[in-house]
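Asker: Just to be clear, the model below is a prediction. Sequence and coordinates:
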Amino acid sequence: MTIPSRSTMSRVRRVSRLSWVDVAVAVAVLVGMYLLLRVGKEATVSFDPAHVVKVDTSPAELPYYAARSLLRMFAALAVSVTFALVYAYAAAHSRRLERVLIPALDILQSVPVLGFLTVAVAGFVSLFPGSMPALECASIFAIFTSQAWNMAFGFYHSLITLPRELDEVSRSFRFTRWMRFWKVELPAGAIGLVWNGMMSFGGGWFFLVASEAISVSGHRHALPGVGSFAGTAIADGDLGKVGWAVVTMAVMVVGVNFFFWRPLTAWTERFKNEQSEAADVQRSLVLDFVRRSSWPALLGRLLRPVAELLGR
């Protein structure tokens, strides 16, 4: 029988003891899940195309509108990441597909966002007639078109410029395609993918006003969001409410950077392939706080059997 080492026993002991950091992280995750379900539920109601959906420009509605806009932004980011991984991988590993996909991607990034919005509205309204998900999907697709092309180009470049030593390692150990992608190619392009995603996400903020104003059957519907709030306030000529929208947008940008992008960029520092230690190392208070909790280790232990099954 194998006797666990002292370090293993100490890790197990730390996991079994929940500190105030563990409680804070658990509460934050539960609150986030509750808000996600609560806000997401409002996006599934039905609507009448003949009845114009308007936005209440009361400043008290801005927290709810901010949550709706953030949900669309992160939904578009998730779709953009998936698209970038699949599209760039196909273009980098097939000469025939590369000749078609890369020029097509170059053409797509030159098309204005509003050009995609018109086609997207017609398509999604036919898929979900008379329901709010049609307008939500069209809005998310418009934001997606402002994010995906840059991310796909960046990850494609990281795949075709993979360091020779990493390529030799994967071939010498006879990695499968999935192992090569998960263990070599994705880590090598993780830093570029995250930074391109952050820049693309930042560009998506500028399209909130356009993406949250949808025209259906000659009627203009404004989805609840900070962008539609700002657009309505500008149309009404109310500079005070425009100022409230600008302040809310600034808080959203700073908050997303602090709680999401800063921890993510600091975490991807582990994938740097350098001969010497970097002088400027990314740090994040949120990431350091999460690392102090026992949840990452506990989650890793729970997911290890699933990871081993998928690996086989």
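Answerer: That came through, no problem.
Asker: Buried residues, the host helix or strand of Tyr34. List them.
Answerer: Assigned by DSSP states H and E, Tyr34 belongs to helix 20-42. Buried residues in helix 20-42, counted by 16 or more other Cβ atoms under 10 Å: 22, 25, 39. Placement of C-beta: from N, CA and C, glycine included.
Asker: and what of stretch 98-114?
Answerer: Neighbour counts over stretch 98-114 (16+ other Cβ under 10 Å) mark 101-102, 105, 113 as buried.
Asker: nearest to Asn196, of those?
Answerer: Nearest to Asn196 among the buried residues of stretch 98-114, counting by Cβ to Cβ, is Leu105 at 13.4 Å.
Asker: Now do the strands in the stretch 201-312 of the chain.
Answerer: All strands of the stretch 201-312 of the chain, identified by DSSP state E, counting those that start in this stretch, fall at 213-216, 219-222.
Asker: Point out where the stretch 151-300 of the chain drops to low pLDDT.
Answerer: 215-220, 274-280 (pLDDT under 70).
Asker: Go again with 90.
Answerer: For the stretch 151-300 of the chain, the stretches with pLDDT under 90 are 161-184, 188, 200, 202-242, 269-300.
Asker: how about the helices of it, start to end?
Answerer: Along the stretch 151-300 of the chain, counting by DSSP state H, counting those that start in this stretch, helices occupy 164-172, 177-180, 186-204, 208-211, 226-236, 239-256, 262-267, 285-291, 295-311.
Asker: before we move on, what about the stretch 1-150 of the chain?
Answerer: 6-16, 20-42, 62-93, 95-108, 113-127, 132-145, 148-160.
Asker: would you turn the ones you listed into TSV with distance to Val281?
Answerer: As requested, the helices of the stretch 1-150 of the chain are exported to TSV (distance: least, Cβ to Cβ, whole Å):
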stretch	distance to Val281
helix 6-16	25
helix 20-42	22
helix 62-93	25
helix 95-108	33
helix 113-127	36
helix 132-145	32
helix 148-160	21
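Asker: To Glu212, which of those lies closest?
Answerer: helix 132-145 (5.8 Å).
Asker: Let me know the average pLDDT across the closest one.
Answerer: Helix 132-145 shows a mean pLDDT of 84.
Asker: Could I get the CA-only coordinates of it as CSV?
Answerer: Provided in CSV are the C-alpha atoms of helix 132-145 (Å, rounded to 0.1, in the frame of the first residue of the first chain):
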residue,chain,number,x,y,z
MET,A,132,-37.1,38.0,-27.9
PRO,A,133,-34.2,35.5,-28.5
ALA,A,134,-34.4,36.4,-32.2
LEU,A,135,-33.5,40.1,-31.4
GLU,A,136,-30.9,39.0,-28.7
CYS,A,137,-29.2,36.6,-31.1
ALA,A,138,-29.1,39.3,-33.8
SER,A,139,-27.5,41.7,-31.3
ILE,A,140,-25.0,39.1,-30.2
PHE,A,141,-24.1,38.3,-33.8
ALA,A,142,-23.5,41.9,-34.5
ILE,A,143,-21.1,42.2,-31.6
PHE,A,144,-19.5,38.9,-32.6
THR,A,145,-18.6,40.4,-36.0
